[in-house]
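# okay, here's the prediction I keep looking at, along with the sequence it came from:
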Amino acid sequence: MIYDEYLNACLKFAKNTENWSWLDGSRWFTTNGGGDYEESCDNANGGIDVAWAYKMGPDKVRKYAPQEFMDRCVEFLDMALNDPSAANDFVKMAYDLFT
């Protein structure tokens, strides 16, 4: 996934949620790889979280999205460092997700 696809998914989520009264914490809102997001109960698609953009204006989404994107990259690296037995799996997942 390239950054622009991630940004577009976050912008769509923010726009679609501007009139929501609440965000269901038991649901996952993640990228689907095509510049959009999807809702699921388990993130089975393995997408990147976009829920942080809930009700956010487009300027704020554009401001915070680069750091959120990098934070997700760092999470994969952290998982690999903290679980050496699964490090190759985590690095492969990150590679597949971000390419």
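Nice, thanks for sending it over. Remember, it's a predicted structure, so these values are computed and weren't measured experimentally.
# roughly how far apart are residue 98 and residue 62?
Going from residue 98 to residue 62 by Cβ to Cβ, to the nearest Å gives 19 Å. Using the backbone N, CA and C atoms, a C-beta is placed for each residue, glycine as well.
# could I get the full set of helices for this structure?
Along the chain, the stretches classed as helices by DSSP state H are 3-16, 58-82, 87-98.
# contacting residues for the closest residue to residue 32 other than its chain neighbours?
In space, and not counting its chain neighbours, residue 32 is closest to residue 38: 4.6 Å by Cβ to Cβ, 6 or more residues apart in numbering. With contacts defined as Cβ atoms under 8 Å, 6 or more residues apart in numbering, the neighbours of residue 38 are 29-32, 45, 47.
# give me the buried subset of those residues.
By neighbour count, with 16 or more other Cβ atoms under 10 Å, these hold 29-32, 47 as buried.
# neighbours of the nearest residue to residue 56 once chain neighbours are set aside, how many?
Using Cβ to Cβ, 6+ apart and skipping the chain neighbours, the partner closest in space to residue 56 is residue 14 (4.6 Å). Using other Cβ atoms under 10 Å, the number of residues around residue 14 comes to 20.
# pLDDT at residue 14, what is it?
Listed pLDDT for residue 14 reads 97.
# that one touches residue 57, doesn't it?
Yes - under the contact definition of Cβ atoms under 8 Å, residue 14 touches residue 57, with a separation of 7.2 Å.
# lovely, talk soon.
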